[in-house]
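Chemist: just a sequence and a predicted model for now, questions to come.
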Amino acid sequence: MPLLTVIMPVYQVKPYLASCIKSILAQSFGDFELILIDDGSTDGSEQICDIFAEKDSRIRVIHQKNQGVSSTRNAGLALSAGKYITFADADDLLEPALLDECIKEIQTGQTDVLYHGFKKDVWKDGKVSSSLKGIPPFEGVLSKKQMKEYILAQRGNLNVNVFSYIFTRELISDLHFNPTLPYAEDAVFVMQALSKALTYYFSANTDYHYNVRAGSAAYRWQPKLVECYRCNFRETRHFLESLELTPTEMDEIMSQKYVDGYASLVYNLCLPSCTLSLKEKYRILQSARKKFRIDYYKRFYILKEGGLFAKAKTFLVFRHLEIFLILFGTIYCKR
């Protein structure tokens, strides 16, 4: 039985898939199984999975009809055998020491879950711009009580990308990814896991390369974004309740989630892939504004960034003038 299971959904990623698999097989830590779930690929990715599986007995391949990322991860969970479970995206890369260092940390700390940072590599026109993301200000073990203090100090700022976590099997044995969510499904899963956890390990390791490319989900209009965010916020609230926050503390943290989520919706509506009319965009914003209770939560909100653009954006949102963000943002995103 392997100590660690790495679950990787695969769909139409042929140009990047081999490099990703090789980066996992090249890990200095070798006691793992890699489960590749081919989600109906037709570009040759499915063949790459089989070729690697023939060469390395640690690899298991599942071929299924296209069902979406949540269903593929759930299929991987159902077959996983490791004491610890983590996830990787098929177009990302792992540096050789990542798994070894993280497994040592989670075992030493004897925690339910480990979190690590990452490198964000943004690709555009063949060029990459890299930056370190999600590095925690604290490294080590946190109890439930200490996690509350940490969350309050960070005003709820916590990365929820599932690839940044290693979970114990016991922690997530009864959890599944929601297949009805086309976006933020990993955030919902992470929040559910964190709600159950009693101990947490925070690592400053950034050996995971998260690749963002043109055409990825981050740069596509998401019609169900509001519903996905509301589900995410609901699980976030459950997590905060598990930490026993006071009502005022809850409002202070949730204000960051709702206001930042609303700002993300504004940005999403400006993307070239969103072909809605200006009237339709404005209607969506007005509906979301009520659902996110922006006029209530703005009294608790503290702007994390001091840049002029961030201040201007917040000013316009709080004064019901976000239509100007749509007008100018749409022009900017087309550049």
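Modeler: Arrived safely.
Chemist: and the pLDDT for the nearest residue to Ala26 once chain neighbours are set aside?
Modeler: Excluding its sequence neighbours, the residue lying closest to Ala26 (CB to CB, 6 or more residues apart in numbering) is Pro96, at 5.4 Å. (C-beta placed from N, C-alpha, C; glycine too.) With respect to pLDDT, Pro96 scores 98.
Chemist: distance of Pro96 relative to Ala263?
Modeler: 37 Å (CB to CB, to the nearest Å).
Chemist: the two: which is more packed in?
Modeler: In this view Pro96 and Ala263 are compared by other CB atoms under 10 Å, and Ala263 has more residues nearby, 17 against 13.
Chemist: that one: helix or strand, and which one exactly?
Modeler: Remark: Ala263 resides in helix 247-270, with elements defined by DSSP states H and E.
Chemist: so which bits of the helix or strand following that helix are buried?
Modeler: Sequence-wise, the next helix or strand downstream of helix 247-270 (DSSP H and E) is helix 278-291. In terms of neighbour count (16 or more other CB atoms under 10 Å), helix 278-291 has its buried residues at 281, 284-285, 288-289.
Chemist: most widely separated two among those?
Modeler: Spatial extent of these (CB to CB) is set by the pair Lys281 and Arg289 at 12.5 Å.
Chemist: one step back: centre of the chain to the helix holding Ala263, how far?
Modeler: 16 Å (CA atoms, centre = their mean, to the nearest Å).
Chemist: do stretch 83-96 as well
Modeler: 13 Å.
Chemist: over to stretch 148-166?
Modeler: Using CA atoms, centre = their mean, the offset of stretch 148-166 from its chain centre is 11 Å.
Chemist: could you do stretch 173-192 as well?
Modeler: With CA atoms, centre = their mean, you get 10 Å for stretch 173-192.
Chemist: buried residues in that stretch?
Modeler: 175, 177-178, 181-192.
Chemist: from these, pick the one nearest Thr108.
Modeler: Val190 (22.3 Å).
Chemist: can you report phi and psi for the closest one?
Modeler: Backbone torsions for Val190, taken as degrees, to the nearest 10, come to phi -60, psi -40.
Chemist: against Asn232, how distant is it?
Modeler: From Val190 to Asn232 the distance is 10 Å (CB to CB).
Chemist: helices along the chain, start to end?
Modeler: Secondary structure of the chain (DSSP state H): helices at 14-25, 45-55, 69-79, 98-109, 144-153, 169-172, 185-196, 225-242, 247-270, 278-291, 294-297, 308-318, 323-333.
Chemist: helix 185-196 and the third one, what's the angle between them?
Modeler: Looking back up the chat, that one is helix 69-79. 50 degrees (axes from the mean of the first three to the mean of the last three CA atoms, to 10 degrees).
Chemist: packing partners of helix 69-79?
Modeler: When contacts are defined as 3 or more CB pairs under 8 Å, 6 or more residues apart in numbering; DSSP states H and E, helix 69-79 packs onto strand 4-10, strand 32-39, strand 59-64.
Chemist: can I get those in TSV with distance to Ala90, mean neighbour count and mean pLDDT?
Modeler: As requested, the helices and strands packed on helix 69-79 are arranged in TSV below (distance: least, CB to CB, whole Å; neighbours: other CB atoms under 10 Å; pLDDT from 0 to 100):
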stretch	distance to Ala90	mean neighbour count	mean pLDDT
strand 4-10	5	25	98
strand 32-39	8	24	98
strand 59-64	12	17	97
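Chemist: ok, which of the ones you listed comes nearest Thr86?
Modeler: Closest of those to Thr86 is strand 4-10, at 5.7 Å (criterion: CB to CB).
Chemist: mind listing the strands the closest one pairs with, and their directions?
Modeler: Using DSSP bridges, the strands paired with strand 4-10 are strand 32-39 (parallel), strand 84-87 (parallel).
Chemist: just put the ones you listed in CSV and tack on distance to Gly156.
Modeler: Formatted as CSV, the strands paired with strand 4-10 follow (distance: least, CB to CB, whole Å):
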stretch, distance to Gly156
strand 32-39, 32
strand 84-87, 23
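Chemist: report the buried residues of stretch 234-243.
Modeler: Those would be 235-237, 239-240, 242-243, for stretch 234-243 by 16+ other CB under 10 Å.
Chemist: for stretch 37-50, same thing?
Modeler: Quick answer for stretch 37-50 (16+ other CB under 10 Å): 37-41, 45-46, 48-49.
Chemist: let me know the closest of the residues you listed to Asp121.
Modeler: Using CB to CB, the buried residues of stretch 37-50 come closest to Asp121 at Ser45, 20.2 Å.
Chemist: what is the neighbour count of the spatially closest residue to that closest one that is not a sequence neighbour?
Modeler: Excluding the flanking residues, the one nearest Ser45 by CB to CB, 6+ apart is Lys14, at 4.8 Å. The tally of other residues near Lys14 (other CB under 10 Å) stands at 17.
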